[in-house]
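Student: Pasting the sequence and the predicted coordinates here, then a few questions.
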Amino acid sequence: MIVLVTGASSGLGKYTAQALRDAGHTVIAGARSFELGQAEGMHRIHLDVTSGESVAAFVKAALAIAPRVDALVQCAGILTLGTCEEVPAEEYRRIMETNFLGMVRVNQLVLPLMRKQGGGKIVMFSSINGLLGIPFQSAYVASKHAIEGYAECLQMEARPFGIQVCLVEPGDHRGGSEAYRNRVTDADSPYAEAFAKGAAVIRRDEQNGSDPSRLGRRVAKAVSRKRMPFRLRSASADQHLAVYLHKLLPAWVNEKVLCSYYLGKGCKTST
């Protein structure tokens, strides 16, 4: 199977590309840090998903390596920690351009190829945070919520052409994000104390998160199946529970639970 992977240089994208390679697929991996060539058993091509020209060049170079695209696995993503009030609008735009619109750009060039060949598989990395919000990740959460809705639309439109869609919804995984861009650094910020608590919890949860290699293998297994699941959630038991409770409980209860977890005794919620 010929598999294109975006965001393959680091984080969960890197582990996923390696797992697909180990499963015997021909992996054509894209990332901003890559140059055209081969390494670690994969074809590498430069790719910046925020640039239409770069996306077009990536797809063209991939087709020069292999004549078809059996699967597209989209992992490119970035994360900023900060408050809704203080993260600049331009930073929101940057995250949406990478996490959401980057997927749209690649899909729009690959979908015609898949229709012409009679089918294909598209895997898009969302997140548990595509299903619920947590403090200080609003830009990331917004981009993942966008992916969730977009994927539902895409599956309905593309299924008649034999194209399957899968949403991967990871919880915290070690190495899932190798760097944070903090936006609240001023000690005089009214959010400084709460932000410090919340950011520490977020980092702790990721450092103690699940094995990213296991997630990669689960994605590779799903891609290899005749019929992919629409949602593939990979998270700890408490994160699974949080998703279910978010659906069932009143909004104020969810707010109290999540706020208390991330902000501790400093949490103040409505009732």
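Tutor: Everything's here; your move. This is a predicted model, so every value here is computed, not measured.
Student: Let me know whether S189 touches E86 as I believe.
Tutor: Yes: counting by C-beta atoms under 8 Å, S189 touches E86, with 6.8 Å between them. Glycine gets a C-beta too; all of them are placed from N, C-alpha and C.
Student: remind me, longest strand of the chain?
Tutor: When the chain is parsed with DSSP state E, its longest strand is strand 163-170.
Student: Tell me the neighbouring strands of that strand, and mark each as parallel or antiparallel.
Tutor: Next to strand 163-170 in the sheet, as set by DSSP bridges, lie strand 120-125 (parallel), strand 231-234 (parallel).
Student: Can you give me the buried ones in the shortest one?
Tutor: For strand 231-234, a neighbour-count test (16 or more other C-beta atoms under 10 Å) marks L232, R233, S234 as buried.
Student: who touches the first one in this structure?
Tutor: It refers to L232. Residues in contact with L232 (C-beta atoms under 8 Å, 6 or more residues apart in numbering) are C166, L167, V168, E169, R218, V219, A222.
Student: Check the offset of the longest strand of the chain from the chain's centre.
Tutor: Mean-position distance between strand 163-170 and its chain equals 10 Å (C-alpha atoms, centre = their mean, to the nearest Å).
Student: same deal with stretch 98-113?
Tutor: Mean-position distance between stretch 98-113 and its chain equals 14 Å (C-alpha atoms, centre = their mean).
Student: repeat for stretch 190-197
Tutor: That offset, for stretch 190-197, works out to 26 Å (C-alpha atoms, centre = their mean).
Student: Check stretch 32-45 too.
Tutor: Centre to centre, stretch against its chain (C-alpha atoms, centre = their mean), the figure for stretch 32-45 is 21 Å.
Student: Touching that stretch from outside, list them.
Tutor: The contact list for stretch 32-45 (C-beta under 8 Å, 6+ apart) reads 8-9, 17-18, 21, 26-31, 46-48, 58, 61-62, 65.
Student: And the buried ones among these, selectable in PyMOL?
Tutor: The PyMOL selection below is limited to those of the contacts of stretch 32-45 classed as buried (16+ other C-beta under 10 Å):
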select buried, resi 8+9+17+18+21+26+27+28+29+30+31+46+47+48+58+61+62
